[in-house]
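>>> attaching a predicted model along with its sequence, questions to come.
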Amino acid sequence: MRAFVIGNAAIDETISVDGLPEPGVSILGRIASRDLGGKGTNQAVVMARGGLETTLVSATGEDFRSAMIREQLAEEPLAVRLSSVAGISTDFSMVLTTPDGENSIVTTTEAAEALPLEAALEALGEAAPADFLVMQGNLGAETTETLLKTGRERGLVTTFNPSPLRPYFERLWPFIDIAFLNESESLSLAGSTGRKAAEALHAKGVRQVVLTAGTDGAMLSTAGGDFIHVPAVKAKAIDTTGAGDTFMGAALASAALRGGMLDQRAISHAAAASALTVARRGTRRAFPSRDELAEIFAG
């Protein structure tokens with residue numbers, strides 16, 4: 001079983017601040033880290049470190065950030081297919097993080113939205129039924145919908161993280177097997193949280209729904225099946241950037257390596273992995289290592 005992650009690649013610029021700024025107020029901060037990021041890349045790195053054969057398909061510009069991305073991706077155990085698009089800037093995120101680990105993120109998507117559909121479809125041509133197609137909300141509407149439809153037609157397990165929020169997501173649900181949402185995404189897209197939100201998404205065609213709630217843990221819901229709550233693993237949060245991506249990547253890797261859909265064990269593994277991430281500063285450098293994920297998955 002393999003995973004094909006089609007999403008964004010970016011550089012995360014993290015700035016430590018005492019508190020998030022109010023409108024019209026200038027505040028002081030200091031650069032905490034500059035790291036490889038982007039939701040698609042984050043999830044791909046975690047899955048690959050977890051031992052799942054993973055291919056990342058993404059796009060960059062032709063600038064210094066693109067060179068940084070390529071250099072850092074070369075250090076990870078995954079296959080990379082990056083399209084260089086002339087005349088655009090490579091995507092980056094500005095992350096403001098507070099002493100208690102909370103963050104606020106602004107992300108550009110110019111490069112992600114310029115990903116050639118042909119390049120993504122070419123990569124999917126290597127996929128076999130039951131492989132995972134992993135997507136997020138950074139790509140253009142037509143590209144995202146076409147890829148999810150193609151994945152469903154080819155018998156892939158289509159997984160989707162609806163972030164950042166886009167107005168076109170409503171028409172995607174019939175093509176999604178597994179959806180990962182946090183509380184704010186759940187409220188925006190399903191009008192509620194918890195069991196009611198999961199049931200609303202099941203009614204639209206989603207087979208499994210994972211709802212994350214930070215320190216309150218996570219819930220796995222299967223259409224026509226059980227609602228399983230898994231508590232969060234205690235951790236001293238320093239920086240929550242990438243925690244959701246760690247959770248999703250670890251959950252999918254755990255399930256895929258055992259040949260099936262998500263279960264309580266996969267969600268428990270994800271909780272343990274994300275607890276390691278929040279206790280460290282940065283993005284890629286904060287993710288669990290291969291050895292750490294191997295130990296988690298053995299449990």
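Received it, and whenever you're ready, just let me know what you need.
>>> okay, CA-based contacts and neighbour counts for the rest of this
Fine.
>>> who are the packing partners of the host helix or strand of A67?
In the assignment (DSSP states H and E), A67 maps to helix 64-73. Identification of packing neighbours for helix 64-73 by 3 or more CA pairs under 8 Å, 6 or more residues apart in numbering; DSSP states H and E yields strand 10-17, strand 29-37.
>>> tell me the most buried of those?
strand 10-17 (a mean of 22; mean count of other CA atoms under 10 Å).
>>> packing partners of it?
strand 29-37, helix 64-73, strand 92-97.
>>> and after the second one, which helix or strand comes next?
Put plainly, it is helix 64-73. Counting by DSSP H and E, the element after helix 64-73 in chain order, helix or strand, is strand 79-84.
>>> residues making contact with that following strand?
54-62, 73, 115-116, 119 (CA atoms under 8 Å, 6 or more residues apart in numbering).
>>> now for those: which two are most distant?
Maximum pairwise distance among the contacts of strand 79-84 (CA to CA): 24.3 Å, between T54 and E62.
>>> quick one, which of those two is more surrounded?
Set T54 next to E62 and count neighbours by other CA atoms under 10 Å: T54 wins out with 25 against 16.
>>> wait, what's in contact with that one?
R2, A3, F4, V5, A44, M47, A48, L78, A79.
>>> can you show me the strands along the stretch 101-250 of the chain?
103-107, 132-136, 157-161, 178-182, 208-212, 218-222, 227-230 (DSSP state E, counting those that start in this stretch).
>>> mean neighbour count and distance to I267 for the ones you listed - can I get that in JSON lines?
Below are these laid out as JSON lines (neighbours: other CA atoms under 10 Å; distance: least, CA to CA, whole Å):
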{"stretch": "strand 103-107", "mean neighbour count": "15", "distance to I267": "23"}
{"stretch": "strand 132-136", "mean neighbour count": "25", "distance to I267": "17"}
{"stretch": "strand 157-161", "mean neighbour count": "24", "distance to I267": "15"}
{"stretch": "strand 178-182", "mean neighbour count": "23", "distance to I267": "11"}
{"stretch": "strand 208-212", "mean neighbour count": "25", "distance to I267": "9"}
{"stretch": "strand 218-222", "mean neighbour count": "23", "distance to I267": "8"}
{"stretch": "strand 227-230", "mean neighbour count": "17", "distance to I267": "7"}
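>>> lowest-confidence stretch among those strands?
Here the lowest mean pLDDT among the strands of the stretch 101-250 of the chain goes to strand 103-107, at a mean of 84.
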